[in-house]
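**Q** coordinates only, sequence not included:
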């Protein structure tokens, strides 16, 4: 009461504010009515936009209801989180590709001349190379990197080998000892005359000037992904760039689940052991990874990277792995990531193992997994026992009855936090990348997935997952039903928010 009295006294001493205050007091009901009317009008108009543009019926229904019932909260939330279209990126991509056509035609011709176009033994997941707009290639080699202890030394050694350029892109980079190792490595190469490009997601990373300024001073070209550029994207924070890419000289590349920070080495005492997977690749597939980086760089910097190495060469090791690089994101005309993984599930004949830290699939994925299990495929799902999102964890529990009814095995990793995104299909195919099994990865984030068609490498990945299963507990049939009524209720409620998780 005393504070309110003091505020009124302060207003009374300022003539203009006093007049405004009195006007608001006299017309409070009319102004309130106008506000309510305008809010509901905006909610109704925005709900039309949501219905026309939201990619899933569940998301469209959720937004339409909330926009018309609680527009005061839902309207600003929609313009920040709910949009399905990334204004400007499609135009930027087309512009970049027009400039790049000559180089791309030359690259494609060289692939054909050098017999580097992959010919899979059967129509496996690589049929979706049409989605990627990139060819599946042969003549590649791949090295599996398990956890941060193998991944970060490999990346830093690769950067040290660079003679011409280094391309670095991560969703999260921390200003901690691990992040500063990357910074120092880039500064050293820039000082040695190597061109270094550093692209980061500004929401995921939030890097301070004390981290960025020394990079810029050394000559490293630094850009945030800059989702909010352009008037239509001013309040846009929904479309995150979740890719993790390093390319050195166009001859080797690193892609996988690890960001850059101490927790990804298991050095954060609050997080504990961090389980993740990355891979290093050589061969013509590196240029496909480079294409993904070049498109994102053009959006962020409006610069065509035509001086990079676009000369595809076989891996120096002589290996002949068939591989596909699949960039995906909200600007794709089709749901690239969704269709790729649906096709992979449908192709499985004997084994389908999926490891994902965020498992909140659409009904179509549940149906595809059930059908795979019913036709005799061994389907296993591996998720963390303790996740970093309560809502995601609760949602994952809600799917158990549907999975168990079809005979699908679900494992919860107990050794630490499991963050890798790995799929094994039968004995020949596997994928490693950045995409989770949730709506955000399938429709909202920029992701990148590496597909490998190779029996020996797939066996290595399967052996790695076998060890993960050994460090997990299998969820018993009926375990969800044995939970308390409140737990099951909140699990179902959390599932309703699946389109925005």
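**A** Sure thing, it's come through. As the structure is a computational prediction, the values presented were derived from the model and not from experiment.
**Q** make it CA atoms for all contacts and neighbour counts henceforth
**A** OK.
**Q** from what I can see residue 303 touches residue 297, true?
**A** Yes. Between residue 303 and residue 297 there is a contact under CA atoms under 8 Å: 7.0 Å.
**Q** These two: which is more packed in?
**A** Neighbour totals were compared for residue 303 and residue 297, and residue 297 leads with 23 against 12 (other CA atoms under 10 Å).
**Q** Could you report the distance from residue 181 to residue 271?
**A** 21 Å (CA to CA, to the nearest Å).
**Q** Ok, residue 283 next?
**A** For residue 283, the distance to residue 271 equals 36 Å [CA to CA].
**Q** Compare these two (neighbour count), which wins?
**A** Higher neighbour count among residue 283 and residue 271: residue 283, with 30 against 13, using other CA under 10 Å.
**Q** Phi, psi for residue 418 please.
**A** phi -100, psi 120 (degrees, to the nearest 10).
**Q** what's the neighbour count on it?
**A** Number of residues near residue 418 (other CA under 10 Å) recorded here: 25.
**Q** Would you enumerate the residues in contact with it?
**A** Contact analysis of residue 418 by CA atoms under 8 Å, 6 or more residues apart in numbering lists 274, 275, 276, 356, 357, 383, 384.
**Q** Out of these, grab the one that's most surrounded.
**A** residue 357 (28 neighbours).
**Q** ok, that one - contacts?
**A** 382, 383, 384, 387, 418, 419, 420, 421, 436.
**Q** max-length strand in the chain?
**A** For the chain, the strand that runs over the most residues, judged by DSSP state E, is strand 137-146.
**Q** after it, next one along is what?
**A** helix 147-161 (DSSP states H and E).
**Q** now for that next one, which elements pack on it?
**A** Secondary-structure packing of helix 147-161 (3 or more CA pairs under 8 Å, 6 or more residues apart in numbering; DSSP states H and E): helix 177-191, strand 245-248, strand 277-282.
**Q** closest to residue 445 out of those?
**A** For these, proximity to residue 445 was assessed by CA to CA; strand 245-248 is nearest, at 14.8 Å.
**Q** Past that closest one, which element shows up next along the chain?
**A** Remark: after strand 245-248, the chain's next helix or strand is strand 252-256, criterion DSSP H and E.
**Q** Okay, now the sheet partners of that following strand, with direction.
**A** Within its sheet, strand 252-256 is paired with strand 245-248 (antiparallel), strand 277-282 (antiparallel), according to DSSP bridges.
**Q** buried residues in the longest one?
**A** For strand 277-282, the neighbour count (16 or more other CA atoms under 10 Å) marks 277, 278, 279, 280, 281, 282 as buried.
**Q** Report the inter-axis angle for whichever helix or strand comes after that strand versus strand 137-146.
**A** Of the helices and strands lying after strand 277-282 in sequence (DSSP H and E), the nearest is helix 285-301. Angle, helix 285-301 to strand 137-146, by axes from the mean of the first three to the mean of the last three CA atoms, to 10 degrees: 80 degrees.
**Q** In strands, which of the contacts of residue 418 fall?
**A** Per DSSP E, the subset of those in strands is 274, 275, 383, 384.
**Q** these two touch, right, the first one and residue 265?
**A** It stands for residue 274. Yes. Applying CA under 8 Å, one finds residue 274 in contact with residue 265, separated by 6.5 Å.
**Q** Return every residue with contacts to both of the two.
**A** Shared contacts of residue 274 and residue 265 (CA under 8 Å, 6+ apart): residue 147.
**Q** per-domain residue ranges of the protein.
**A** The chain is divided into the following domains under automatic domain parsing: 2-82, 89-116+143-319, 336-500.
**Q** Run the chain-centre distance for the last one.
**A** Looking back up the chat, that one is domain 336-500. 16 Å (CA atoms, centre = their mean, to the nearest Å).
**Q** Point out where the stretch 401-501 of the chain drops to low pLDDT.
**A** By pLDDT under 70, the weakly predicted segments of the stretch 401-501 of the chain are 497-501.
**Q** Helices of that one, residue ranges please.
**A** Here the stretch 401-501 of the chain has its helices, by DSSP state H, counting those that start in this stretch, at 439, 455-470, 485-496.
**Q** Compare these and report which one is nearest to residue 392.
**A** Between residue 392 and the helices of the stretch 401-501 of the chain, the shortest gap by CA to CA is with helix 485-496, which sits at 7.3 Å.
**Q** Which positions in the closest one come out as buried?
**A** Quick answer for helix 485-496 (16+ other CA under 10 Å): 487, 488, 491, 492, 494, 495.
**Q** which strands and helices sit next to that helix?
**A** So helix 485-496, by 3+ CA pairs under 8 Å, 6+ apart, packs with helix 390-398.
**Q** And the average pLDDT for the helix it packs on is what?
**A** Confidence for helix 390-398, expressed as mean pLDDT, is 83.
**Q** Tabulate the contacts of residue 418 in a markdown table, adding columns for distance to residue 193.
**A** Output for these, formatted as a markdown table (distance: CA to CA, whole Å):
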| residue | distance to residue 193 |
| --- | --- |
| 274 | 35 |
| 275 | 36 |
| 276 | 33 |
| 356 | 40 |
| 357 | 40 |
| 383 | 44 |
| 384 | 43 |
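**Q** Specify which member of those is nearest to residue 429.
**A** Distances from residue 429 to the contacts of residue 418, taken by CA to CA, are shortest for residue 356, at 16.9 Å.
**Q** From residue 484, how far out is that closest one?
**A** 26 Å.
**Q** now swap in residue 274 and tell me
**A** To residue 484, residue 274 is 30 Å away according to CA to CA.
**Q** Pull the number of nearby residues for residue 428.
**A** By other CA under 10 Å, the burial measure for residue 428, its neighbour count, is 16.
**Q** Residue 336 too?
**A** Counted with other CA under 10 Å, residue 336 comes out at 22.
**Q** Please apply the same query to residue 42.
**A** For residue 42, the neighbour count with other CA under 10 Å is 17.
**Q** Start at 45, not 1
**A** Sure, I'll start counting at 45 from here, so that last one is residue 86.
**Q** Any figure for the gap between it and residue 177?
**A** Residue 86 is 39 Å from residue 177, where distance means CA to CA.
**Q** Residue 352 reaches residue 294, doesn't it?
**A** Yes. Using CA under 8 Å as the test, residue 352 is close enough to residue 294 to be in contact (7.0 Å).
**Q** Comparing those two, which shows the higher neighbour count?
**A** Counted by other CA under 10 Å, residue 352 and residue 294 do not tie: residue 294 has more neighbours, with 27 against 15.
**Q** Secondary structure class of the closest residue to the more buried one other than its chain neighbours, three-state.
**A** Nearest non-adjacent residue to residue 294, counting by CA to CA, 6 or more residues apart in numbering: residue 353, 5.2 Å away. Assigned with DSSP: H, G, I helix; E, B strand; the rest coil, residue 353 falls in the coil class.
**Q** need the contact list for residue 353.
**A** Contact analysis of residue 353 by CA under 8 Å, 6+ apart lists 293, 294, 331.
**Q** how about these in CSV, adding pLDDT and distance to residue 109?
**A** Shown next, in CSV, are the contacts of residue 353 (pLDDT from 0 to 100; distance: CA to CA, whole Å):
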residue, pLDDT, distance to residue 109
293, 96, 51
294, 95, 49
331, 93, 45
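**Q** which stretches of the stretch 95-244 of the chain form strands?
**A** Under the criterion DSSP state E, counting those that start in this stretch, strands of the stretch 95-244 of the chain are mapped to 181-190, 209-214, 239-244.
**Q** what about the last one, average pLDDT?
**A** pLDDT averaged over strand 239-244 equals 96, rounded to a whole number.
**Q** before we move on, what about the longest one?
**A** In this model, strand 181-190 has an average pLDDT of 96.
**Q** Give the other helices and strands that that strand contacts.
**A** strand 321-326, strand 365-372, helix 499-514.
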